[in-house]
Each structure stands twice: as C-alpha cells, then as structure tokens.
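# predicted coordinates and the sequence they were generated for:
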Amino acid sequence: MKYDYLIVGAGLFGAVFAHEMKKAGRNCYCIDRRTHIGGNIYTEEWKGIQVHKYGAHIFHTSDRTIWDYVNQFAEFNHYINSPIAVYRDELYNLPFNMNTFSKMWGIRTPEEARAIIEKQRAEAAGEVRCAEAAGEMREPEPGESLSAGDQSGLAAEPANLEEQALSLVGRDVYEKLVKGYTEKQWGRSCKELPAFIIKRLPVRFTYDNNYFTDRYQGIPIGGYMQIIEKLLADVPVRLGISYRDFLKQNEESDRPDTFDRVLYTGMIDEYFDYCLGELQYRSLRFEEEYMEACDNYQGNAVVNYTDREIPYTRIIEHKHFEFGVGKGTVITREYPSVWEKGQEPYYPVNDERNMALYERYRELAAAEKNVIFGGRLGQYRYYDMDKVIAEALKLVENEQQHYR
Ligand SMILES: Cc1cc2nc3c(=O)[nH]c(=O)nc-3n(C[C@H](O)[C@H](O)[C@H](O)COP(=O)(O)OP(=O)(O)OC[C@H]3O[C@@H](n4cnc5c(N)ncnc54)[C@H](O)[C@@H]3O)c2cc1C
C-alpha cells in the first residue's frame, strides 16, 4: 500500500501529527518499538488506579489553544501540583514559598523571609570572594565582564551549580532542598556541575504551594491513554518493532508498502547509527509497589526526597492525581540512573559537548531527504507535553505547505 507518512513513534508528538495529517486527508502509518502507544505519557490501570508508568505527568499550559486542543480528547480534573519535600525528619512545601520559609525559620512575614535570604546570599557571596582572594578560584579571562551580581555587590560569577544556587536562595534552602536532590538527579556533586543547569530557582513570597505558574492545569480523568487512543483511532499502528527492523521486513516482503515521507521521533543519534558519537542522557528506574492494606501512603501525589542518603528522588502515589479514595494504593519510587545504550533515555544532557554534537547531527538530518525529526528525542531537548503538542501542530502546518 502507498502511504504519505511513516510515523516512527506513537508518543504524543507522533500521535498528534498522525491525527492532524489524517484529518487533512493524508494516509499515515505509525510504528513503535514499545508494546504500547503513548510513549512516556503512557498510563495503565491497576486496581482502579491510573499509574503513570514513566513518571508523574501533570498537564499544564498557559496557551489557551493547546488547553482547548487536549480538552477535545479528555475531561481534565482540577489537580494542582503541590509537592512536599522530605529532608531527614523535616517536611517542607514546594516550590519555595512562605509556607517553606515559615517552617524553616519560624517566621511569618515576607519581609522576614526576604531579610534571611538576602543575608544568606550575601554570606555566600562573601565566601566566594574569600576563596577567590585565597587563589582557590579561577581568574577572570581578559575582557570577561562582571556579572550582574558583581555589580550589585552580591556575588561573583558562579563557577559551579553550588555557587549559583547559593547566590540565588542562600545556604539553608540550598542545603536542605536543592543540594542532595540535584546531586542524585545528575549523579555528580553540585561543585562539579555547571552553573547553567539552574538558571533560576523560583522563590515566592506568598503562601502559594502551586508548583506551576501556568493558567491551566490538571490530569485527564481516567488517564492519558484515552487521548492517545482517540488521536490514533483512524491510523494503523504496529507495535513492538523498531524502525530498522520495520524497514528490513518491509523491503523483504513480497508487496512492500511505500512511504513518501517519514516523521522520526526516536533518538536522532540512533537514526544515524551513532556515526558522530553518542549523545548523553540521564535515565530513571521506576520501582512500583501495590499496597493492598494501605489506602493512603503519603497523603500527596508527589513527595521529593531531598537528602543524598536516600537513593530515590521521589515517591509518587498515583491515586492522589485523581483524588482516589478506594482501597489499596500504588506508589512508585524514582531512582535516577546513568544512561547506557539500550536503556530508556529520559532527560537530554544539554551541556556544551552534547549541544555541539547535536548540531552536527542536525546538519545530517537537514540533508536527509523526506525525513523529518520531531519530538523530545528527535530534537534532543526536554519538552513538556503542551510544547510537544504545539510543535507537532506547527509541523502539521509546515507539511500542509508541501501539498499546496
Ligand atoms: C520522568 C518524566 C516526567 C515528565 N513529566 C511531565 C509533566 O509532568 N508534564 C509535562 O507536560 N511533561 C512531562 N514530561 C515530558 C513528556 O513526557 C513529553 O513531553 C512527551 O512524552 C514527549 O512526547 P514524544 O512523542 O516527543 O516522545 P516519547 O513519549 O518518548 O515518544 C517517542 C516514542 O518513539 C518510540 N521510538 C523511539 N525510537 C524508536 C525507533 N527507532 N523505532 C520505533 N519506535 C521508536 C518510543 O518507544 C516512544 O514510544 C515528563 C517527562 C519525563 C521523562
């Protein structure tokens, strides 16, 4: 059979693209190497609870068009993400806000909180200067400009993530809520991590535990799969096969299918057989547990463990995403891990080395005739779901030009 598009990857990007192109009259065929559709937003029902199999997924956006778009496919509840942080035997609200500061320092007003943070930021800047004076830090390069912090008299250019975080939130918040969590996430000490990883650490001087600042937020009632199922309803999908094996089998078949164009949402370096080297990722290991005798394990969907000694970064209790009150509960512990070939790549490591390598792969991709690279792996960047939908819709627009 003749198809207009072969779509590699039945994740959110591939599914939105397939749906819209099908609606526009194009013939699409979709494959995925996993045995299910949905990619990383895949949810599975366990004893009446929707389990987010590849980590907690909370939909949030400020874009009304995208919010209306997803609401065509599912009804969303009013879930608001308000994580709790556990540091040893202390519990704090996230993101950093007046509830966090009040618990940490026994204060009540924004003015008191600001004064403590400013004092700790100034102390941190002073320590950096002392270290510089003692010759422990690098000298500025000739012509290197002073940072905004320097000019205000607060901080020298942060040389690593630790200095960056200290200059943003001061020592208490950094040591209790940032340091251990970040070190587990990246598998390295904050002193060895580049400052750019944390550009900002949002600090709120209101009693507001809503993690996201987007206008629209929620969880699809009954899980994410109804969205993907509806998106792919009229598109033939073959699961459990990789792009390479699919091409081979198709070529060897008596009546091979033909495809005018390919949308590839897998890893860009894998597509090119890693000919320029491997891009780096961070991976995750999920440990799931069904607790029959427990109806409410932690009282919140997301609890972060911010001390280094506990090997996981988060425990997710899935029933709270949908305000579940039934018997039993399912929890997932999330362990960050080193990515090796063959494992699931979750987070791109967008440092200088990887971005330079990605640029070289992008040049190869641009020269590849009739193949489009999309989604978080094809574009080697972290995308939230709303951005993935927006990008897929933009691509649909571009592709329509092709037929005009
Ligand atoms: C732990 C975690 C938590 C997240 N939480 C949130 C959140 O709370 N809110 C939010 O908005 N976003 C969140 N995201 C981001 C969200 O998961 C992504 O935006 C979205 O899943 C990306 O969709 P995609 O189609 O680009 O990629 P994917 O979902 O990865 O889909 C790509 C698909 O392609 C398939 N594939 C790859 N290579 C091949 C190949 N060679 N052959 C065949 N098939 C192939 C894969 O099996 C996969 O199914 C989170 C991401 C992670 C990792």
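Arrived safely, thanks for sending.

# which residues of the stretch 201-350 of the chain lie near the ligand?
Where proximity means Cβ under 6 Å from any ligand atom, the interface of the stretch 201-350 of the chain facing the ligand comprises 242, 243, 265, 266, 284, 346. No exception for glycine: its C-beta is placed from N, CA and C like everyone else's.

# let's see it at 5 Å
Remark: the part of the stretch 201-350 of the chain in contact with the ligand comprises 242, 243, 265, 266, 346, using Cβ under 5 Å from any ligand atom.

# can you tell me which of those is closest to residue 234?
The nearest member of these to residue 234, counting by Cβ to Cβ, is residue 265 at 19.1 Å.

# spell out the residue ranges of the strands in the stretch 101-250 of the chain.
Remark: strands of the stretch 101-250 of the chain, listed N- to C-terminal, are 216-218, 237-239; assignment by DSSP state E, counting those that start in this stretch.

# strands paired with the first one, and their directions?
I take that to be strand 216-218. Each strand that strand 216-218 pairs with, and the sense of that pairing, follows from DSSP bridges: strand 59-61 (antiparallel).

# and for residue 203, the neighbour number?
18 (other Cβ atoms under 10 Å).

# nearest residue to it in space, please, no chain neighbours.
Using Cβ to Cβ, 6 or more residues apart in numbering and skipping residues adjacent in sequence, the residue nearest residue 203 is residue 96, 5.0 Å away.

# ok, that neighbour - contacts?
When contacts are counted by Cβ atoms under 8 Å, 6 or more residues apart in numbering, residue 96 touches 169, 173, 177, 201, 202, 203, 204.

# tell me the one of those residues nearest residue 2?
Nearest member of those to residue 2, counting by Cβ to Cβ, is residue 202, at 51.1 Å.

# name the residue most distant from the centre of the protein?
Relative to the centre of the chain, the most outlying C-alpha is that of residue 254, 42.4 Å out, by Cα atoms, centre = their mean.

# and the longest helix seen in the chain, which residues are buried?
The helix of greatest length in the chain, counted in residues with DSSP state H as the criterion, is given as helix 110-133. For helix 110-133, the neighbour count (16 or more other Cβ atoms under 10 Å) marks 113, 116, 117, 120, 121, 124, 125, 128 as buried.

# residue 249: how many residues sit nearby?
If we define neighbours as other Cβ under 10 Å, then residue 249 has 12 of them.

# spit out the contact partners of it.
Contacts of residue 249 were listed using Cβ under 8 Å, 6+ apart, and they are residue 241.

# please repeat the previous calculation with a cut-off of 10 Å.
Taking Cβ atoms under 10 Å, 6 or more residues apart in numbering, we find residue 249 in contact with 238, 241, 256.

# done for today, thanks.
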